[in-house]
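Student: My questions concern the predicted model and sequence given below.
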2 protein chains.
Amino acid sequence: MSKKNFPLSKAYRLLEPGPVLLVTTAHKGKANIMTQSWHTMMEFTPPLVGCVISGRNHSFEALVKTGECVLNIPAVELAKQVVKVGNCSGREVDKFRKFKLTPAPAAKVAPPLIAECYANLECKVVDRRMVNKYNFFVLEIVQAWIDPAQRNPRTLHHQGMGVFAVDGERIKLPSKMA
Amino acid sequence: MSKKNFPLSKAYRLLEPGPVLLVTTAHKGKANIMTQSWHTMMEFTPPLVGCVISGRNHSFEALVKTGECVLNIPAVELAKQVVKVGNCSGREVDKFRKFKLTPAPAAKVAPPLIAECYANLECKVVDRRMVNKYNFFVLEIVQAWIDPAQRNPRTLHHQGMGVFAVDGERIKLPSKMA
């Protein structure tokens, strides 16, 4: 895989826009994927992410048991797979095989990266106090990767019911924020 | 104001795509606004939202003291105000006056709606257990409004450093999700 190391201090720039994610987990020798949009940055350094993984998802048990996942960011070219991954369960389906997605080894966690995604964030669970009530996990990003071959990737933003806004024009306005 | 009531059960469709928000608070007779992108849906019913309001922001004290805010969603036409609101502090500036934004009374909370935003979500803080460590508030949306005059609003997604992706094309793919 031709992914390059991406600085952890800039990881927020990938997640803050609110893209749909493909979250990978691994448990008992099997990797799984779920589609996920309920996430937020919580801290810059170390980079922390909060995300909801519902107890109805097969991935929930894997995340609770192993404390590890990868947040993979797909560009619009993967839109059909994103929806199909979200419409079935890892209990019945090997989603990598069925949707022709390629697992690649991560550096610091057991779940695989999805090679086709333009960015991959390896994460470890660091706070579980809101898991019981909200299925809300606080993750620390411990390693980040970017695909230099995917320039100006356009991400997907889920508006519910299978409707997505795709990134259009990019604008830059003067900001004093560091 | 010509805003219409928006069903709480659909509020997630406004926030799940990850738009930049203008958050209003009110404290000691003064309303304030801040720009905010670190938020996530946490539950459909009742609609819960998690969001980070940093202790460095003037809005933090107001939210801690009053437990109320409004999440206002601006479309791209407000991009310049969004950045300017984010580049100054309510300690020194009356942001409604300075940036020509119009406060309108909310129905169930004290902070005002921003009339120019296409949607407004009135919120009350319902869980503070992650405030000390992460400045993370769990909010319940108690009333939602939409501006029927703003059709197909294109929202802003902050990529950091004043760079925003603006919603482009909208795609609909078959989803089994309810």
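Tutor: Great, that's in hand.
Student: quick one: pLDDT of residue A:178?
Tutor: With respect to pLDDT, residue A:178 scores 43.
Student: ok, now residue A:62?
Tutor: pLDDT, residue A:62: 96.
Student: go on, the one 10 residues further on?
Tutor: Residue A:72 carries a pLDDT score of 98 in this model.
Student: That one sits in which helix or strand?
Tutor: In the assignment (DSSP states H and E), residue A:72 maps to strand A:68-73.
Student: how about the helix or strand that that strand is followed by, does it get close to chain B?
Tutor: Of the helices and strands lying after strand A:68-73 in sequence (DSSP H and E), the nearest is helix A:79-86. Yes: using CB under 8 Å from any CB of the partner chain, helix A:79-86 reaches chain B at A:79-80, A:83, A:86. C-beta: built from backbone N, CA, C; applies to glycine.
Student: tell me the mean pLDDT over the next helix or strand after helix A:79-86?
Tutor: Using DSSP H and E, the helix or strand that follows helix A:79-86 towards the C-terminus is helix A:95-98. Averaged over helix A:95-98, pLDDT sits at 95.
Student: to the chain's geometric centre, what's the distance from helix A:95-98?
Tutor: Distance of helix A:95-98 from its chain centroid, counting by CA atoms, centre = their mean, to the nearest Å, is 17 Å.
Student: try stretch A:50-62
Tutor: Using CA atoms, centre = their mean, the offset of stretch A:50-62 from its chain centre is 13 Å.
Student: that older thread, of the residues of helix A:79-86 next to chain B, select the buried ones using a ChimeraX command.
Tutor: Filtering these down to the buried ones (16 or more other CB atoms under 10 Å in any protein chain shown) takes a single ChimeraX command:
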select /A:79,83,86
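Student: In this structure residue A:114 contacts residue A:75, no?
Tutor: No: at 11.7 Å, residue A:114 does not count as touching residue A:75 under the criterion of CB atoms under 8 Å.
Student: Which one of those two is surrounded by more residues?
Tutor: residue A:114 (26 against 21; other CB atoms under 10 Å in any protein chain shown).
Student: What separation do you get for that one and residue A:74?
Tutor: Distance, residue A:114 to residue A:74, by CB to CB, to the nearest Å: 8 Å.
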